[in-house]
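Q: just the structure for this:
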Amino acid sequence: MALYKPSMDVMVDSINRLNKLDLVVAEYVWSAPAEVTPAVGLLNTSIKITAKNQQSAYAGEMTLRYHRNPLSDLATQVELIVPVKELNTTKDIIDAMNKRFGTVFTAEDIVVRDLTTEEKVVGTPIQLDAVPTSLAWIGSTMVGTRTGGLILGDYLKNTRLNGLNYPSPTTTRPYAQIYSYWRNMSTSYNQLKDIVVGTDQLSIIRDVLAFQTNDPWLLTGSGRYSLQGAEVTAVGLCRDNPDISNTKYDFFIKVRLSDTYSIGLTGDLTLHFDEPVIQA
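A: Okay, the predicted model is just below:
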């Protein structure tokens, strides 16, 4: 679900894309998300949308099912340690995560509370809890902290560099792993099932990403969402590759993005999908 876009925007984009509609958020009443027990596959949440009849293009109501992500999954993708200058509430952690990772967490996603005396000590792990009514998140996770806001000149003493090592890792772009990790691309199974390692099928990857994310993925040229210079580096079963894939799905495809042309994301995209179940 949402990491770099507000959760409601992601939900409406998904509804409109899959149904070829043009729903407008303000024209509908959106219920609080409810847990689906037991979950149906990855579908662990339901939400009801009801038309405001006098305003909406459509009348009536519908119940949708989708996947809310456990906050604990964040720790499988990045080292959850953020730099902070001082700590008073969990909002300080939320703000630091958004600045560090490029995410858009808000008080609607993560509970804002006062920190205890012990938690205000930088270096103490702090528990973040999802708001029960969060559209995108459930559960909790632990986030570490380290001292931030130090005066650069007090620590950066060697200012004459001998040279640069390439390729150089970047910390200024969001991680592609996080962008793609939770996305369910099973509706594109037929396009993805025959992808192999290499660069010959990037046009298929581009088409699937554009459809699944509603972001303007490019095949050539530099851009925030660019596959120029990218390469499929691994494909396989998630259960056999738990260190590099989300084992909630059956299959994965890993795509290494170019450090030169991908100016918005860095690292590896991981596309996850299941084989559709054919009802008898």
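Q: and the helices in the stretch 1-150 of the chain, which stretches?
A: Ranges of helices in the stretch 1-150 of the chain, per DSSP state H, counting those that start in this stretch, are 7-19, 90-101.
Q: which ones are touching the nearest residue to Gly148 once chain neighbours are set aside?
A: Leaving aside its chain neighbours, Gly148 sits nearest to Pro83 (2.9 Å; criterion: Cβ to Cβ, 6 or more residues apart in numbering). In short, each C-beta sits where N, CA and C put it, glycine included. By Cβ atoms under 8 Å, 6 or more residues apart in numbering, the residues touching Pro83 are 96, 100, 145-149.
Q: would you turn those residues into a markdown table with distance to Leu64 and pLDDT?
A: Listed next are the contacts of Pro83 as a markdown table, based on distance: Cβ to Cβ, whole Å; pLDDT from 0 to 100:
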| residue | distance to Leu64 | pLDDT |
| --- | --- | --- |
| Ala96 | 33 | 91 |
| Arg100 | 32 | 85 |
| Thr145 | 37 | 92 |
| Arg146 | 40 | 89 |
| Thr147 | 44 | 85 |
| Gly148 | 40 | 78 |
| Gly149 | 43 | 62 |
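Q: nearest to Thr260 among those residues?
A: Arg100 (23.7 Å; Cβ to Cβ).
Q: that closest one: neighbour count?
A: For Arg100, the neighbour count with other Cβ atoms under 10 Å is 16.
Q: re earlier: now the helices of the stretch 1-150 of the chain in JSON lines, with distance to Glu35?
A: Formatted as JSON lines, those follow (distance: least, Cβ to Cβ, whole Å):
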{"stretch": "helix 7-19", "distance to Glu35": "16"}
{"stretch": "helix 90-101", "distance to Glu35": "23"}
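Q: which one of those is the most hemmed in?
A: With neighbours defined as mean count of other Cβ atoms under 10 Å, the helices of the stretch 1-150 of the chain peak in mean count at helix 90-101, which reaches a mean of 18.
Q: next one: it to chain centre, how far?
A: In terms of Cα atoms, centre = their mean, to the nearest Å, the centre of helix 90-101 is found 15 Å from the chain centre.
Q: just the CA atoms of that helix, as PDB, please.
A: Output in PDB follows, covering the C-alpha atoms of helix 90-101 (Å, rounded to 0.1, in the frame of the first residue of the first chain):
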ATOM      1  CA  THR A  90       6.400   9.600  18.100                       C
ATOM      2  CA  LYS A  91       5.700  12.300  15.600                       C
ATOM      3  CA  ASP A  92       9.500  13.100  15.800                       C
ATOM      4  CA  ILE A  93      10.100   9.600  14.600                       C
ATOM      5  CA  ILE A  94       7.500   9.800  11.900                       C
ATOM      6  CA  ASP A  95       9.000  13.000  10.600                       C
ATOM      7  CA  ALA A  96      12.500  11.500  10.700                       C
ATOM      8  CA  MET A  97      11.400   8.400   8.700                       C
ATOM      9  CA  ASN A  98       9.700  10.600   6.100                       C
ATOM     10  CA  LYS A  99      12.800  12.700   5.700                       C
ATOM     11  CA  ARG A 100      15.200   9.700   5.700                       C
ATOM     12  CA  PHE A 101      13.300   7.300   3.500                       C
END
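Q: from the rest of the structure, what touches that helix?
A: By Cβ under 8 Å, 6+ apart, the residues outside helix 90-101 that reach it are 78, 80, 82-84, 86-87, 103-107, 110-113, 115, 126, 128, 143, 145, 148, 174-175, 178.
Q: could you list which of these belong to strands?
A: Taking DSSP state E as the definition of strands, the contacts of helix 90-101 contribute 82-84, 126, 128, 143, 145.
Q: so which of these comes closest to Leu257?
A: The closest of the ones in strands among the contacts of helix 90-101, once distances to Leu257 are taken by Cβ to Cβ, is Val82, at 23.7 Å.
Q: buried members of the contacts of helix 90-101 into ChimeraX, please.
A: To isolate the buried ones among the contacts of helix 90-101 in ChimeraX, judged by 16 or more other Cβ atoms under 10 Å, type:
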select :80,82,84,87,103,104,105,106,110,111,115,126,128,143,145,174,175,178
